[in-house]
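1. Structure, please.
(one chain, ligands or ions: 1)
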Amino acid sequence: MIFPPRVQSLDKHCFIKTFFIKPDSISIFKLTFALMAGIYIHIPFCKQKCTYCDFHFSTTYHTYRKEMIQSILNEINERKNEIETIDTIYFGGGTPSILEINELDSIIQSIRSNFECNNMVEITLEANPDDISTSKLKKWKKSGVNRLSIGLQSFKSFDLEWMNRAHTVEESENCISIAQEEGFNDLTVDLIYGLPQLTLKEWENHIQKLIDLKVPHISAYCLTVEKQTALSNWIKKGKIEPAKEEMQSLQFELLVELLHRNNYEQYEISNFCKPNHESKHNSAYWKGEHYIGVGPSAHSFNGKERRWNIANNSMYIKKMNESEDYFEKEFLSSNDQFNELLLTGLRTKYGVSLKKLQSFTQISTNFNDKIKEFKKNNWMIEKDEVLFLSQEGKLMADYITSELFIV
Ligand code: SF4
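-> Model prediction:
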């Protein structure tokens, strides 16, 4: 039995959650020369709590919204010497589309005045369908946003309801066309599969809708049940039955097959795009390039160390106001570097250099035998001394990387 890659998670910023948040978790960034640099802004506000989500956000932000924006501006200013040129700006959350236009403007202006920005800077805004309207799109465009990441998740009302999403099927269906009419040709849509009661036919219809709408970039994540969420509680109490792993696997295979047939490239396990529509920001993460993360719970990486801001809104504001440390940091050990190199590289079309992996003295004695075995099983492909996962290998990604990790 082949199972879908469990590293996949729920949201487009899932890699941040999965890979960066816990200092004791396996770290994934490789140390390479930074060709690009990005800035991630975490907007920790949401209208309501989705039942499966354990990201950092608050629904009771109205009282301290001003202070939060000011703290974010202060952090941007404080960190202006950490990176020279910004190639990508990414507003994630939370729900950045909840921002008033003057708040969004002030953050973009602050980044532009504190850092040198590449002329072609990619500015992505995560937006939920219920926040997308013609007038907002026009304002976002004027602010400089040139890429939208739409948290659509499903076209099925039953799913949107139990997930407590703030939007309707109708809004899911309309928001893409409205965005395209306003000139947002560079957009990506998030979908979730492996949902309870989601049939293969329904999943196929969801994907087909995006293909028909000519969406150039799709991120599709398998539902993971996070601890301390309403979903996990319902499953424990038997109120909801999780999808079978076999069904999740079939849905992943269908996704890959259907998108390949329609000329989307799977450039990362969960990310598919038409030519020239890769996310520059996320690709930079996967290539181990430098970035700074601003706002509560945001993570940063400078090639040598990783740091993460406090995941508490009021503490973040307080510590910023009192000029206290609002983050923790750690240096990456050699083992961390190896594991990160392996994990990020193998999940993408860029692969991972075999020579680079072999240069780590701590690799296990049977490392080369394992690579041979994976190649023999047709899970791994070697081309010009770079290792890639085959299509079948992508389904085994977690197993393969865990077998090769240095622990
Ligand atoms: S909108 Fe996104 S961040 Fe907010 S609760 Fe839902 S999934 Fe989580």
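
2. Only C-alpha atoms from now on, for both contacts and neighbour counts.
-> OK.

3. so for the top helix by length along the chain, what's the average pLDDT?
-> Counting by DSSP state H, the longest helix found in the chain is helix 245-261. Helix 245-261 shows a mean pLDDT of 95 in the predicted model.

4. what's the next secondary structure element after it?
-> strand 265-268 (DSSP states H and E).

5. could you dump that following strand to PDB, C-alpha only?
-> The C-alpha trace of strand 265-268 is given here as PDB (Å, rounded to 0.1, in the frame of the first residue of the first chain):
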ATOM      1  CA  GLU A 265       4.500  21.000 -13.600                       C
ATOM      2  CA  GLN A 266       4.800  19.500 -10.100                       C
ATOM      3  CA  TYR A 267       7.700  21.600  -9.000                       C
ATOM      4  CA  GLU A 268       7.300  20.700  -5.300                       C
END
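
6. How about the residues of this structure by the ligand?
-> Residues of the chain found near the ligand (C-alpha under 6 Å from any ligand atom) are 46, 49-50, 53, 55, 93-95.

7. Heading C-terminal from the lengthiest strand in the chain, find the next helix or strand.
-> When the chain is parsed with DSSP state E, its longest strand is strand 116-127. Using DSSP H and E, the next helix or strand after strand 116-127 towards the C-terminus is helix 134-143.

8. Tell me which residues of that following helix come out buried.
-> Neighbour-count burial for helix 134-143 flags 137, 139-141, 143 (criterion: 16 or more other C-alpha atoms under 10 Å).

9. And for stretch 58-72?
-> Neighbour-count burial for stretch 58-72, counted by 16+ other C-alpha under 10 Å, picks out 58, 61, 65, 68-72.

10. Report how far apart the opening and closing residues of that stretch are.
-> End-to-end distance for stretch 58-72: 16 Å, by C-alpha to C-alpha, to the nearest Å.

11. Enumerate every residue touching whichever residue of the stretch 151-300 of the chain sits closest to the ligand.
-> Residue of the stretch 151-300 of the chain nearest the ligand, by C-alpha to the nearest ligand atom: R165 (6.4 Å). Contact analysis of R165 by C-alpha atoms under 8 Å, 6 or more residues apart in numbering lists 48-50.

12. will you turn the residues you listed into a markdown table that also has secondary structure, distance to I406 and neighbour count?
-> Listed next are those as a markdown table, based on DSSP: H, G, I helix; E, B strand; the rest coil; distance: C-alpha to C-alpha, whole Å; neighbours: other C-alpha atoms under 10 Å:
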| residue | secondary structure | distance to I406 | neighbour count |
| --- | --- | --- | --- |
| Q48 | coil | 41 | 15 |
| K49 | coil | 37 | 20 |
| C50 | coil | 36 | 19 |
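
13. For stretch 138-149, give the mean pLDDT please.
-> Averaged across stretch 138-149, the pLDDT comes to 98.

14. now the end-to-end length of that stretch.
-> Length of stretch 138-149, first residue to last, C-alpha to C-alpha: 16 Å.

15. neighbouring contacts of that stretch?
-> Contacts of stretch 138-149 with the rest of the structure, by C-alpha under 8 Å, 6+ apart, involve 101, 104-105, 108, 122-127, 182, 184-190.

16. if we go to 7 Å?
-> 101, 105, 122-127, 182, 184, 186-189 (C-alpha atoms under 7 Å, 6 or more residues apart in numbering).

17. Same check on stretch 196-210?
-> Contacts to stretch 196-210, defined as C-alpha under 7 Å, 6+ apart, come from residues 154-155, 241-243, 251.

18. And for stretch 64-73?
-> Stretch 64-73 has contacts (C-alpha under 7 Å, 6+ apart) with 107, 110, 294-295, 317, 320.

19. hmm, 6 Å instead?
-> With C-alpha atoms under 6 Å, 6 or more residues apart in numbering as the test, stretch 64-73 has contacts from 295, 317.

20. centre of the chain versus that stretch, how much separation?
-> 24 Å (C-alpha atoms, centre = their mean, to the nearest Å).

21. Please, where are all the helices along the stretch 101-250 of the chain?
-> Under the criterion DSSP state H, counting those that start in this stretch, the stretch 101-250 of the chain contains helices at 101-114, 134-143, 157-162, 169-181, 200-212, 230-236, 245-261.

22. average model confidence for the third one?
-> Throughout helix 157-162, pLDDT has a mean value of 96.

23. now the fourth one
-> Throughout helix 169-181, pLDDT has a mean value of 96.

24. Other residues contacting that helix?
-> Helix 169-181 is touched from outside by 129, 152, 155, 157, with contacts defined as C-alpha under 6 Å, 6+ apart.

25. switch to 8 Å and redo it
-> 129-130, 132-134, 137, 152, 154-157, 160, 185, 213, 215.

26. so it versus helix 200-212, what angle?
-> Counting by axes from the mean of the first three to the mean of the last three C-alpha atoms, to 10 degrees, helix 169-181 points 20 degrees away from the direction of helix 200-212.
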